[in-house]
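Trainee: Sharing a model prediction with you, sequence too.
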Amino acid sequence: MGDGVLDRSLKWLRGLSKGTSHELEKLSLEGLQIVHAHKGFLRCNFLVPTPASDADGNWHVGAMATLIDDVGAAAIYSVADHVKASLDFNISFYSTAKIQEEVEIEAKVIGEKGKLSQVAVEIRRKRNGELIALGKQWMATKGSVKAAHYASKL
């Protein structure tokens with residue numbers, strides 16, 4: 001790949017999927033395969049793992065949200081050279097995926113304003129392209145969030 005920032009963002013995402021951070025990320029991202037990446041863009045394949053299931057054998061929405069958050073953060077990392085903190089995060093669910101079903105995840109940085117970046121993450125069924133979920137989030141540098149965080153005066 002040759003791009004230091006992009007390489008660091010991919011290394012960070014691969015590390016999450018192998019459990020270098022919290023167990024939640026390992027359970028939610030285990031087996032994630034990065035198939036295409038450039039600054040501000042990631043495409044991944046993912047076989048929904050059994051530990052990420054809900055009681056009905058579907059991909060648990062919490063595990064899906066963790067994946068959307070982390071893949072989106074990696075796309076922003078590839079542009080900003082650091083992981084940012086989420087300010088606004090929303091997901092629209094259109095369908096569900098079963099355990100052991102293959103999906104494709106695409107994350108694209110769609111806007112930047114000062115220290116803010118926005119990413120859109122789509123999850124689609126691999127076999128027919130059906131949209132399963134669409135996540136969007138605004139992220140800011142950790143420094144700006146920390147600097148703006150004061151104790152409540154109430």
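Mentor: That came in fine, so what should we check first? Keep in mind it's a predicted model, so treat the numbers as computed, not measured.
Trainee: Need the single longest helix in the protein, by residues.
Mentor: helix 61-80 (DSSP state H).
Trainee: what helices or strands is that helix leaning on?
Mentor: In terms of contacts (3 or more C-beta pairs under 8 Å, 6 or more residues apart in numbering; DSSP states H and E), helix 61-80 is packed against helix 4-17, helix 23-29, strand 41-47, strand 84-93, strand 102-113, strand 116-125, strand 131-141. (Glycine included, C-beta is placed from N, CA and C.)
Trainee: List the buried residues of that helix.
Mentor: Buried residues in helix 61-80, counted by 16 or more other C-beta atoms under 10 Å: 63-80.
Trainee: Check stretch 37-48 too.
Mentor: Going by neighbour count (16+ other C-beta under 10 Å), the buried part of stretch 37-48 is 37, 40-44, 46, 48.
Trainee: dump the residue contacts of the residue lying closest to His38 once chain neighbours are set aside.
Mentor: What sits nearest to His38 in space, not counting adjacent residues and going by C-beta to C-beta, 6 or more residues apart in numbering, is Leu6, at 6.8 Å. Leu6 is in contact with 37-39, 78, counting by C-beta atoms under 8 Å, 6 or more residues apart in numbering.
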